[in-house]
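1. Here is my input, please return the structure:
(2 chains)
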Amino acid sequence: MLVKLYPFLRPYLAFFSAAAMVAASALSVRAADLPKVRIFTTGGTIQSKGANRDVQMEYNTGKVTADELIADLPELKDIAEVSSTEISNVGSPAVNQEIQLKLAKAINAWLALPDTAGAVVTHGTATLEETAYFLNLVVKSDKPVVVVGAMHPFSAISRDGPMNLYNAARVAGDPESKGKGVMVLLNDEINAARDVTKTNTERVNTFESRDVGPIGYADSDRIVFYRELSYKHTYKSEFDVAKLTTLPKVEIVYGYQEADRAAIDALVAAGAKGIILDDSGPSFGAAVAAWAPKGIVFVQSDRKGSGRVMLSESVAKRGIVTADNLNAQKARQLLRLALTVTTDPKVIQRMFNEY
Amino acid sequence: MTHPLLRRSLTHRLFLLATGLLAATVRGQEIPSNPPAIPADTSKLPHVVLMSMGGTIASRGTPRLNITHYGGKGTPPVTPEDWLHDLPELATIARVTTDDERAVPPAGQETYEQARKVARRLNELAADPTVDGIVVTHGTNIMAEVAYFMDLVVKTEKPIVFVGSQRPWSALSGDGPLNLYNAVRVAATPEAARRGVLQCMNQYINTARDVTKTSAYRVQTFKGLDVGAIGFADPDKVVFYRLPTRKHTFKSEFAGMDFPTLPPVEVVYSYQEAPGYMIDALVDHGVKGIVVDGTGAGVPTSSQNEAINRAQAKGIIIVITTRTRGGRVQETPARTASKIVNGDNLPPEKARILLQLALTRTSDWAEVKRYFDTY
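-> Below you'll find the predicted structure:
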């Protein structure tokens, strides 16, 4: 009828009908229930602006909200039904237990809803691995949680944030991502929260799992996984933040030639319940002998950045828990949660063996 | 009642708007729009020539998420002038002029003829006293070996910096703009001189001799596998930690020379039961040299070794490299006795280029070995 009435439209008919089909298929994708992914924002470089797009350091002229992140990336609408919750908007050195607990509880509430697919967390990169591992221990769900950040600010040329966020949402909405614990995604690489660490101050390929490699990739054609995790995490974890409002004080002491035990003594005096010894100093042994009997829990990690601290009967006899291949800052996250349950070094060693 | 002419012009305007939007989608790129102010007087800045040999960095794709099958019909390539237009901040670093040496052949069909033409042009530019540094863009697949060729044949102490990108110029979170920006910074840095041809992507500065593409898609693909990067293009400054010891550019025996053709040299890979007949076939085809990419410490199969003996009897020079892509193939009594050139830690594609150049000067295996020991 249309063609009969308006013969001059005939040459365009194929184009119009193709366009209509594209539009219809786009609508049908909408209708077919895209995965519900919520972005929990905490701040960081991914949400920072510099005065100009060549500003790649000391970018502090503005902060990007969750709404701006989403508006900047309309492609998200094609892969997920995206919503957002702002937890904070701070750089990651300012992320503290209050933010961590608020974040964990919000994610647990979201993932407990039956029709939700996953969660994305934006975070500054400096301490991203700590929050990611904390979440790995307290998220009560097998739905994917993907922590994402950026090395270049939102305003910069060649900013990595948008692609990272897009890929994080893809992973969070992908059924294959289920049961893989909390993941960290930057630079197309999917790393496990427990194993990943920031290895470079500046480069976009900063996040690496030095000992055991990435578990998969967010490539253009598909999300591909090569590894499952053998240790306990998320839905199999015994830790519960539901009733927690604070976490025990746990600090880190760095070991080096002639390192003095004064730092340990001062931390105990300041109220530390647990101390991570990152490598050793000549007088650390005496400090442990003095404080372990009084209930201070010591965990031995190693500053080298890869490799395990071995289980050792002689070390265990001195009341020291060994950190496996957790780095000091992650050992601290696990010890804080362990101390919400027990102060027995044997039980805590079991936790370090399992998580 | 609207005048028909005006109505047409409205339609026409709408049409222009629509096509304009379409063009914007095709040409559109993901670069935030807050460039810095350009200083009024840039006359004191170094003069950097931005040469395009094309590559992903000179390609567009649509939509901006397309980072695997870009280019082709409907996506116009990026001209050198487009780079200057899109990155006005280059003018804060250097007086950038452009030189368009884009190849006609697409990836996988690059020719020696094009490399030769560019080498001649680089020698001209390097000899020009008004030029302080040169940036060359190239596709990433064979960038390392083309850069190494230039490292051997361009006579200069000035910085020459190869750059490319893993994602097209139009891509979301594309690495091209920052890579190009940093390459120009390196080329404009006096400390970058006398280090041979450099390669800079993802802020790492590598030497042409030692850099290899190590990942199909990741942006940290270029690595100096054995000896690391020599410096970084960081936001605060361009910083160097190393100088290469091997001969290059101004110290190369091939510096400034032009070779209309190069002797045919091919590469053979080693693996379980790799047959010697592939080597025989190359000999029949008329090659002057063969690079055998051995396993482990540089070990061909026994079938390959027999074919190597047959090839050597016909005066063909054999170079052994290792498929491990790390570590040197060493000089051993057995190799010396059998007159096999140890390829040091060059990958086979670079050993091929050095062997081709060496064969323009000599066909004596010991003399070829000297090149592999010093370049």
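2. So for residue 253, what's the pLDDT?
-> Looking at chain A here, since you left the chain open. Listed pLDDT for A:Val253 reads 98.
3. Wait, chain B was what I had in mind.
-> The model's pLDDT for B:Glu253 equals 98.
4. Repeat that for B:Met1.
-> For B:Met1, pLDDT reads 38.
5. ditto for B:Met201
-> Here, the pLDDT recorded for B:Met201 equals 98.
6. Burial check on it, number of neighbours?
-> 30 (other Cβ atoms under 10 Å in any protein chain shown). All C-beta spots, glycine's among them, are computed from the backbone N, C-alpha and C.
7. Which positions within the helix or strand hosting A:Gln349 qualify as buried?
-> Using DSSP states H and E, A:Gln349 sits within helix A:345-354. Buried residues in helix A:345-354, defined by neighbour count with 16 or more other Cβ atoms under 10 Å in any protein chain shown: A:Pro345, A:Ile348, A:Gln349, A:Met351, A:Phe352.
8. and the third one, what is it in contact with?
-> The contact partners of A:Gln349, by Cβ atoms under 8 Å, 6 or more residues apart in numbering or on different chains, come to A:Leu311, A:Ala316, A:Val321, A:Thr322.
9. didn't the first one look like it was pressed against A:Thr322?
-> Yes - A contact is recorded between A:Leu311 and A:Thr322 when judged using Cβ atoms under 8 Å, the distance being 5.8 Å.
10. neighbour-wise, which of these two wins?
-> Between A:Leu311 and A:Thr322, A:Thr322 has the larger neighbour count (other Cβ under 10 Å), namely 20 against 13.
11. Just want the phi and psi numbers for the more buried one.
-> Main-chain dihedrals, A:Thr322, degrees, to the nearest 10: phi -100, psi 150.
12. ok, what's across the strand from the residue nearest to it when sequence neighbours are not counted?
-> Spatial nearest neighbour of A:Thr322, chain neighbours left out: A:Val309 (4.4 Å); criterion: Cβ to Cβ, 6 or more residues apart in numbering or on different chains. With DSSP bridges applied, A:Val309 shows beta-bridge pairing to A:Asp324.
13. Can you give me the neighbour number for A:Val309?
-> Residue neighbour count, defined by other Cβ under 10 Å, stands at 22 for A:Val309.
14. what residues does chain A put near chain B?
-> Contacts of chain A with chain B, taken as Cβ under 8 Å from any Cβ of the partner chain, map to A:51-54, A:56-57, A:75, A:152, A:154-164, A:166, A:187-189, A:202-205, A:219-221.
15. still on that earlier bit, which of the contacts of A:Gln349 sit farthest apart?
-> Largest separation among the contacts of A:Gln349 by Cβ to Cβ: A:Leu311 and A:Val321, giving 9.8 Å.
16. picking that back up, make JSON lines from the contacts of A:Gln349 and add pLDDT to it.
-> Output for those, formatted as JSON lines (pLDDT from 0 to 100):
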{"residue": "A:Leu311", "pLDDT": "93"}
{"residue": "A:Ala316", "pLDDT": "95"}
{"residue": "A:Val321", "pLDDT": "98"}
{"residue": "A:Thr322", "pLDDT": "98"}
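17. Now, these that are in helices?
-> Judged by DSSP state H, helices contain the following of these: A:Ala316.
18. Specify the local secondary structure of A:Thr39.
-> Just to correct that, residue A:39 is Ile rather than Thr. Following DSSP: H, G, I helix; E, B strand; the rest coil, we place A:Ile39 in the strand state.
19. tell me which residues form a beta bridge with it?
-> Counting by DSSP bridges, A:Ile39 is bridged to A:Ser84, A:Val120.
20. quick one: it and chain B, what's the gap?
-> 17 Å (Cβ to the nearest Cβ, to the nearest Å).
21. and that residue, what is it in contact with?
-> A:66, A:69-70, A:82-85, A:119-122, A:165, A:169.
22. So which of the residues you listed is the closest to B:Ile316?
-> Nearest to B:Ile316 among these, counting by Cβ to Cβ, is A:Leu165 at 55.4 Å.
23. what number of residues lie near the closest residue to the closest one other than its chain neighbours?
-> Spatial nearest neighbour of A:Leu165, excluding adjacent residues (Cβ to Cβ, 6+ apart): A:Val148 at 5.7 Å. Other residues lying near A:Val148 total 27 when counted by other Cβ under 10 Å.
24. so what's A:Val148 bridging to?
-> Beta bridges link A:Val148 to A:Thr122, A:Leu185 when assigned by DSSP bridges.
25. What are the boundaries of the helices in chain B?
-> Using DSSP H, the helices found in chain B span residues B:4-27, B:80-86, B:112-127, B:143-153, B:176-187, B:277-285, B:302-313, B:333-337, B:348-359, B:365-374.
26. And the stretch 51-200 of chain A, by the same measure?
-> Assigned by DSSP state H, counting those that start in this stretch, the helices in the stretch 51-200 of chain A fall at A:66-71, A:76-79, A:97-112, A:128-138, A:161-172.
27. closest one to A:Arg194 among those?
-> Of all the helices of the stretch 51-200 of chain A, it is helix A:128-138 that lies closest to A:Arg194, at 5.7 Å by Cβ to Cβ.
28. so how far is B:Lys369 from whichever residue of the stretch 251-375 of chain B sits closest to chain A?
-> Nearest residue of the stretch 251-375 of chain B to chain A (Cβ to the nearest Cβ) works out as B:Gly326 at 17.1 Å. Remark: distance between B:Gly326 and B:Lys369 (Cβ to Cβ, to the nearest Å) = 21 Å.
29. More neighbours: the two, which one.
-> Taking other Cβ under 10 Å, B:Gly326 and B:Lys369 do not tie; B:Lys369 has more neighbours (22 against 12).
30. would JSON lines of the helices of the stretch 51-200 of chain A with mean neighbour count and mean pLDDT be doable?
-> Putting the helices of the stretch 51-200 of chain A into JSON lines (neighbours: other Cβ atoms under 10 Å in any protein chain shown; pLDDT from 0 to 100) gives the following:
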{"stretch": "helix A:66-71", "mean neighbour count": "16", "mean pLDDT": "98"}
{"stretch": "helix A:76-79", "mean neighbour count": "17", "mean pLDDT": "97"}
{"stretch": "helix A:97-112", "mean neighbour count": "19", "mean pLDDT": "98"}
{"stretch": "helix A:128-138", "mean neighbour count": "27", "mean pLDDT": "98"}
{"stretch": "helix A:161-172", "mean neighbour count": "26", "mean pLDDT": "98"}
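31. And those helices: which comes nearest B:Asp86?
-> In terms of Cβ to Cβ, the element of these nearest to B:Asp86 is helix A:161-172, at 17.3 Å.
32. now for the closest one, which elements pack on it?
-> strand A:36-41, helix A:76-79, strand A:118-122, strand A:145-148, strand A:182-186, strand A:216-218 (3 or more Cβ pairs under 8 Å, 6 or more residues apart in numbering or on different chains; DSSP states H and E).
33. how about these, which one is nearest B:Gly61?
-> Counting by Cβ to Cβ, B:Gly61 lies closest to helix A:76-79 out of the helices and strands packed on helix A:161-172; the figure is 16.5 Å.
34. Can you list the low-confidence ranges for the chain?
-> This is for chain A. Along chain A, segments meeting pLDDT under 70 span A:1-32.
35. The intended chain is chain B.
-> Judged by pLDDT under 70, chain B has its weakly predicted residues at B:1-29, B:104.
36. got the residues of it near chain A?
-> Neighbours of chain A within chain B, by Cβ under 8 Å from any Cβ: B:30-36, B:63-68, B:87, B:89, B:92, B:171-179, B:181, B:202-204, B:217-220, B:232, B:234-236.
37. Among those residues, which lie within strands?
-> Using DSSP state E, the subset of the residues of chain B next to chain A located in strands is B:Tyr204, B:Phe232.
38. out of the residues of chain B next to chain A, which are buried?
-> For those, a burial check counting by 16+ other Cβ under 10 Å picks out B:30-32, B:34-35, B:64-67, B:87, B:89, B:92, B:171-179, B:181, B:202-204, B:218-220, B:232, B:234-235.
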